[in-house]
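Undergrad: no sequence on this one, just coordinates:
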């Protein structure tokens, strides 16, 4: 049996919200084996993502939240592969800003299991960066896919519309820092970290209003 693996593809484009636009590099995570996979955050480049998936069956396109840089390639990738686009419904207002004529195919819910290649990932609703932000926890892989909720060095940004700093701190404290310390955190941008590396800084984040 082929071993389940985690692959990172970095794609580049822009992020736009609140009348501002910024250049960004996004991590697209592909989780699976030689036969099937899921994509976490279809960012910017459907061609590159489809090429990375190759001839594997794509089981789902999971959106950790609906900021445009995380979902802009999702409909095209879905059209090419037949995979459903999954999003927490609390992020539909953000989704509609980017894709007003194309709804996600199914909702994500807290505690929902997603399976790929015999490995289960659990959806954790972690609002704060966005109302419907989620993380995916795969204990068998010792992995957390954190989207923009938790980065190496601190929480995701909360200075724009639909975000709330006390809420993201609560999500990280109650839902993420309770995971095993050696859990690898695969982030939406930048480098990976671990739960244990971020846990000691919680009070610093609160004091700084990160």
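TA: On my side now, so go ahead. These figures come from a predicted structure and were not determined experimentally.

Undergrad: next, residue 131: secondary structure please.
TA: Judged by DSSP: H, G, I helix; E, B strand; the rest coil, the three-state class of residue 131 is coil.

Undergrad: use 326 as the first number for this chain going forward.
TA: From this message on, residue numbering opens at 326, which makes the last subject residue 456.

Undergrad: how close does the closest residue to it other than its chain neighbours sit to residue 490?
TA: Closest residue to residue 456 apart from its sequence neighbours, by CB to CB, 6 or more residues apart in numbering: residue 415 at 4.0 Å. From N, CA and C alone the C-beta is placed, and that goes for glycine too. Using CB to CB, to the nearest Å, residue 415 is found at 17 Å from residue 490.

Undergrad: ok, residue 378 next?
TA: Taking CB to CB, one finds residue 378 at 36 Å from residue 490.

Undergrad: tell me which of these two has more neighbours.
TA: residue 378 (23 against 18; other CB atoms under 10 Å).

Undergrad: so what's the more buried one closest to, chain neighbours aside?
TA: residue 362 (5.7 Å).

Undergrad: now swap in residue 364 and tell me
TA: Nearest to residue 364 is residue 386, by CB to CB, 6+ apart, at 5.0 Å.

Undergrad: so which strand or helix has the one you found?
TA: Assigned by DSSP states H and E, residue 386 falls within strand 382-387.

Undergrad: quick check: next helix or strand after that strand?
TA: Moving toward the C-terminus from strand 382-387, the next helix or strand (DSSP H and E) is helix 393-396.

Undergrad: so which bits of that following helix are buried?
TA: Neighbour counts over helix 393-396 (16 or more other CB atoms under 10 Å) mark 393, 394, 395, 396 as buried.
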